[in-house]
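Undergrad: model this:
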Amino acid sequence: MATATHEAKLRTSWIWMAVFAVISLIGGVLALLNPFAATLAATLMAGWAFAFLGALQIIQAFQVQGWGGFIWALLFGILTLVVGISLIFNPLAGMVSLTLLVAVLFLALGVVKLMYAFSLRPVAGWVWVLLSGILSLGLGILILADFPWAAVSVLGILLGVELISNGVLFLFVALGLRSLNQ
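TA: Numbering: from 1, shown residues only. All right, here's what the predicted structure looks like:
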């Protein structure tokens with residue numbers, strides 16, 4: 001009985017998934033049409049998230065003031081808050097910093113994926129991990145090759161691709177949930 005109730009609730013939620021899909025797809029297309037605006041928005045969102053988390057960390061640090069790690073918790077909160085404020089009040093410099101971080105992340109992930117692929121070599125499908133590693137390395141190199149100019153668009157393009165990917169995912173889930181109605 002619980003399964004039937006759960007399935008009925010799932011069936012009725014397909015419209016919400018379809019709405020999420022449309023919103024995500026529109027957001028992704030808009031981000032790809034104007035990567036600079038999307039990069040700026042992503043930087044500002046990251047700044048506000050860091051500022052909020054830093055403020056919460058500072059409050060939490062004072063709530064456990066007698067603890068031996070109080071100073072470290074407080075410093076962590078202050079640094080996080082400073083990063084957030086820096087991104088909010090100087091988003092162009094933040095775009096450069098975040099883009100450099102993304103490039104380094106792609107390079108590191110690429111190396112790790114290549115090593116992982118070679119360790120998987122006897123396993124079927126290891127080539128896909130190898131290709132993913134090469135792609136990550138290539139993306140990191142492409143970003144660094146066009147640095148700092150890449151900073152005005154890379155984050156927005158990545159955001160657009162992620163939103164479109166999520167939109168497609170939500171669309172397929174919505175269609176699957178809708179087919180439960182039949």
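Undergrad: List the buried residues for the one helix or strand V111 maps to?
TA: Here V111, judged by DSSP states H and E, is contained in helix 91-119. Neighbour counts over helix 91-119 (16 or more other Cβ atoms under 10 Å) mark 91, 94-100, 102-103, 106-107, 109-110, 113-114, 117 as buried. C-betas here are computed from N, CA, C, even on glycine.
Undergrad: quick one: low-confidence ranges for this protein?
TA: 1-2, 4, 6, 181-182 (pLDDT under 70).
Undergrad: ok, which stretches of it are helices?
TA: Here the chain has its helices, by DSSP state H, at 2-12, 14-33, 35-63, 70-89, 91-119, 126-145, 154-179.
Undergrad: how far off helix 126-145 does the helix holding V111 point, in degrees?
TA: 150 degrees (axes from the mean of the first three to the mean of the last three Cα atoms, to 10 degrees).
Undergrad: Just list what helix 91-119 packs against, helices and strands only.
TA: Helix 91-119 is packed against helix 35-63, helix 70-89, helix 126-145, helix 154-179, with contacts defined by 3 or more Cβ pairs under 8 Å, 6 or more residues apart in numbering; DSSP states H and E.
Undergrad: repeat that with 6 Å
TA: Helices and strands touching helix 91-119, as assessed by 3 or more Cβ pairs under 6 Å, 6 or more residues apart in numbering; DSSP states H and E, comprise helix 35-63, helix 126-145.
Undergrad: Can you add distance to T5 and mean neighbour count and give the ones you listed back as JSON lines?
TA: JSON lines is the format used below for these (distance: least, Cβ to Cβ, whole Å; neighbours: other Cβ atoms under 10 Å):
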{"stretch": "helix 35-63", "distance to T5": "37", "mean neighbour count": "17"}
{"stretch": "helix 126-145", "distance to T5": "40", "mean neighbour count": "16"}
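Undergrad: Nearest approach to V154 belongs to which of those helices?
TA: With distances scored as Cβ to Cβ, the stretch of the helices and strands packed on helix 91-119 nearest to V154 is helix 126-145 (5.6 Å).
Undergrad: ok, residues contacting that closest one?
TA: 103, 106-107, 109-110, 113-114, 116-117, 120, 150, 154 (Cβ atoms under 6 Å, 6 or more residues apart in numbering).
Undergrad: now swap in stretch 88-96 and tell me
TA: 39-40, 43-44, 47, 87, 148, 151.
Undergrad: Could you do stretch 163-170 as well?
TA: Applying Cβ under 6 Å, 6+ apart, the contact partners of stretch 163-170 are 17, 20-21, 24-25, 27-28.
Undergrad: Mind listing what's buried along that stretch?
TA: 163-164, 166-167, 170.
Undergrad: Out of those residues, flag the one nearest to L177.
TA: The closest of those, once distances to L177 are taken by Cβ to Cβ, is F170, at 10.2 Å.
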